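Predicted structure and sequence below. I'll ask about it afterward.
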Amino acid sequence: MPQIHIIKRLLLLVVAAYLTQLVFAAEDSRPNVLFIAVDDLNHWVTPLGRNKQARTPNIDRLAKMGVSFSNSHCAVPACEPSRCALMSGRRPWTSGCYKNGHEWTEYQQAGEGLSAAFLRAGYHVAGAGKIYHSMEYHESEWTEYMSTEGLSNNGPGVSKDDGYHTDKTHPDLKDEDLVDWHSADYCIERIQAESDKPFFVACGLYKPHLPFVVPRKYYDAFPLDEIELPPHLQNDLDDIPPAGLKMANPGADHAKFLESGRWKAAIQSYLASCAYTDMNIGRLLDALEASPNKDNTIIVLWGDHGWSFGEKQHWRKFALWEETTRMPFIWVAPGIAKPGTESKRPVDLMSVYPTLCALTGIERPDHVEGHDITDLLRNPKAYWPHPAITTHGRGNHAIRTESHRYIRYADGSEELYDEAKDPYEWTNLASNPEYADLKAGLSKWLPVEEHAQAKIR
């Protein structure tokens, strides 16, 4: 080979090597992601102001770091399908995963999940706790995932109704007796570890999921004799159609609490459980703040759905009203999201997958539904034509705008609420002919085709 060709070839190799280094350098500068999922955390947190008794200083601290979405709603008001929808990017009417018991692994194939997108993009992808239902996960979608062997979700000797329908207090329970303490520890180590790759660290906190039992020190801020019941009406179900009454199910938990007199005690235990989770969120924020990654890490915190405490004589999730769909949703995006701002635009959790792809430059998979909310991170008051949509079972949907909530059940019955005038949804306007045009406009957001609903196993 002539010498000049050898020189040219060597030069090409040098240039190729330099360009490769530039690519890796660019990859190294991509933002990290701290992904915080909280189970059963409703809108009783300080930034949202729904319950003045709430004490969540670390969630408030996080809100001051970025954008808090005060009109944010779940895709499904149940753990399993909510997480399947968010992590797969598919709405329940597309996937068929509508309710708890529709096992998410049958509706989401390995490789389709949000974590898999980051893994393919070269991120170090670590998870702990409850990201999918029952702390399950597709192993191939993660670099590593914390083992829960030998750990307890609830603590030794704690039963599912303790702190809820029973008054067992477990005075010797310690922070580290619950799996959440260890999930936070695991994620803290990954946040602070040195690596030549950006990280996607997912911390799934199990509390305040039932049982509402945490170490007794978290109850100190919530004396039982000072607990207030949420605003409610005795006759609130009088204008609700039968499909809504079935979801409310007043003869279940609510009847038990009226008989036992433990309504306030259950609220106290929930507020204490939220305080325990807030403590673990604070530990994560402290770790990030002390790490060299603090200025290059996106944080997204979300609750998987809301929770009712006797409003409409309903408890738990599993319904389509404000209490069961609204939850905290906070984004910190350095250089993009203005700290300490609030957006009142209606958004739902289907926005998580596409927004993280957009912020990190990862290609958005074709199957992903939902809307990228990057524009709202830049300007929380930006034009936003989309409502938040929540589904509970095939054919049952809630459309939430800034001003109204419209519910359509599978049998065609309806509810409509003016959220500005009636924030606790006491007056169903659906039968009022004055609102026919509004209902027609909102109904256009309902799905045209819906996947069949399988039987729950």
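Yep, it's here. Numbering: from 1, shown residues only.

Can you list the residue ranges for helices in the stretch 351-457 of the chain?
All helices of the stretch 351-457 of the chain, identified by DSSP state H, counting those that start in this stretch, fall at 352-360, 374-378, 436-443.

Off-centre distance for the last one?
I take that to be helix 436-443. In terms of C-alpha atoms, centre = their mean, to the nearest Å, the centre of helix 436-443 is set 28 Å apart from its chain centre.

For that helix, enumerate the helices and strands it packs against.
Judged by 3 or more C-beta pairs under 8 Å, 6 or more residues apart in numbering; DSSP states H and E, the packing partners of helix 436-443 are strand 404-408, strand 414-418. Quick note: C-beta positions are derived from backbone N, CA and C, even for glycine.

run the last query once more with 10 Å
Under the contact criterion of 3 or more C-beta pairs under 10 Å, 6 or more residues apart in numbering; DSSP states H and E, helix 436-443 touches strand 397-400, strand 404-408, strand 414-418.

Using PDB, write out the CA atom coordinates for it.
Only the C-alpha atoms of helix 436-443 are listed here, as PDB (Å, rounded to 0.1, in the frame of the first residue of the first chain):
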ATOM      1  CA  ALA A 436     -75.400  19.900  26.800                       C
ATOM      2  CA  ASP A 437     -72.900  21.700  24.600                       C
ATOM      3  CA  LEU A 438     -70.200  21.500  27.200                       C
ATOM      4  CA  LYS A 439     -70.800  17.700  27.700                       C
ATOM      5  CA  ALA A 440     -70.700  17.200  23.900                       C
ATOM      6  CA  GLY A 441     -67.400  18.900  23.600                       C
ATOM      7  CA  LEU A 442     -65.900  17.000  26.500                       C
ATOM      8  CA  SER A 443     -67.200  13.700  25.200                       C
END
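
Please list the residues outside it that contact it.
Residues from elsewhere that reach helix 436-443 (C-beta atoms under 10 Å, 6 or more residues apart in numbering): 387, 397-401, 403-408, 414, 416, 418, 429-430, 432, 435.

buried subset of these?
Those of these that meet the buried threshold are 387, 397-401, 404-408, 414, 416, 429-430, 435, by 16 or more other C-beta atoms under 10 Å.

Closest to residue 229 out of the residues you listed?
Using C-beta to C-beta, residue 405 comes nearest to residue 229 of these, at 22.3 Å.

What residues are bridge-paired with the closest one?
Using DSSP bridges, the bridge partners assigned to residue 405 are residue 400, residue 417.

So it is in contact with residue 319, correct?
No: Residue 405 is not in contact with residue 319 according to C-beta atoms under 10 Å; the separation is 11.9 Å.

residues near residue 314, how many?
27 (other C-beta atoms under 10 Å).

returning to that earlier point: can you check which residues contact both of residue 405 and residue 319?
Joint contacts of residue 405 and residue 319 (C-beta under 10 Å, 6+ apart) are 325, 390, 398.

Need those residues in JSON lines (columns: pLDDT and distance to residue 92).
JSON lines is the format used below for those (pLDDT from 0 to 100; distance: C-beta to C-beta, whole Å):
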{"residue": "325", "pLDDT": "98", "distance to residue 92": "13"}
{"residue": "390", "pLDDT": "98", "distance to residue 92": "10"}
{"residue": "398", "pLDDT": "99", "distance to residue 92": "13"}
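
List the residues that contact residue 221.
Counting by C-beta under 10 Å, 6+ apart, residue 221 makes contact with 53, 54, 55, 268, 271, 272, 275.
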